[in-house]
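>>> Just to be clear, the model below is a prediction. Sequence and coordinates:
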Amino acid sequence: MRYADRKFVETFVDEVAAWTNNAYGALNIPTSRVVYVHGSIDPWHALGMTTTENNDSPAIFIKGTAHCANMYPASDDDIANLIEARLEVQQYLDAWIDLP
């Protein structure tokens, strides 16, 4: 049996995932003023916050975009969903910037 086979057995992965979820809040992360942004063709979106009930830490899911698409400079080729998401992020930042 290889080292990786011994180390990353299902019970180990389950235990570590449970510890991480307990330590960091799983899908109920106690955050404020965080915007979670993911694209539908970003492979990381499956592990990210794509929805949230926390109004102070919203999630924006951009259909048709890849990893960090919203972080790149605007382009004439940007799809409407990306343009709208950037505006939404900016609205949150504008609202939060003057809060204590």
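Structure received.
>>> low-confidence ranges in this structure?
Under the criterion pLDDT under 70, the flagged ranges of the chain are 1-7.
>>> can you tell me which helix in it is longest?
Secondary structure assigned by DSSP state H gives helix 80-97 as the longest helix of the chain.
>>> So which elements touch it?
strand 59-62 (3 or more C-beta pairs under 8 Å, 6 or more residues apart in numbering; DSSP states H and E). Placement of C-beta: from N, CA and C, glycine included.
>>> Mind doing that once more with 10 Å?
In terms of contacts (3 or more C-beta pairs under 10 Å, 6 or more residues apart in numbering; DSSP states H and E), helix 80-97 is packed against strand 36-39, strand 59-62.
>>> Distance check, residue 57 against residue 36.
Applying C-beta to C-beta, to the nearest Å, one obtains 7 Å for the distance of residue 57 from residue 36.
>>> what does residue 83 give?
19 Å.
>>> who has more neighbours, the two?
Per other C-beta atoms under 10 Å, whichever of residue 83 and residue 36 has more neighbours is residue 36, with 18 against 14.
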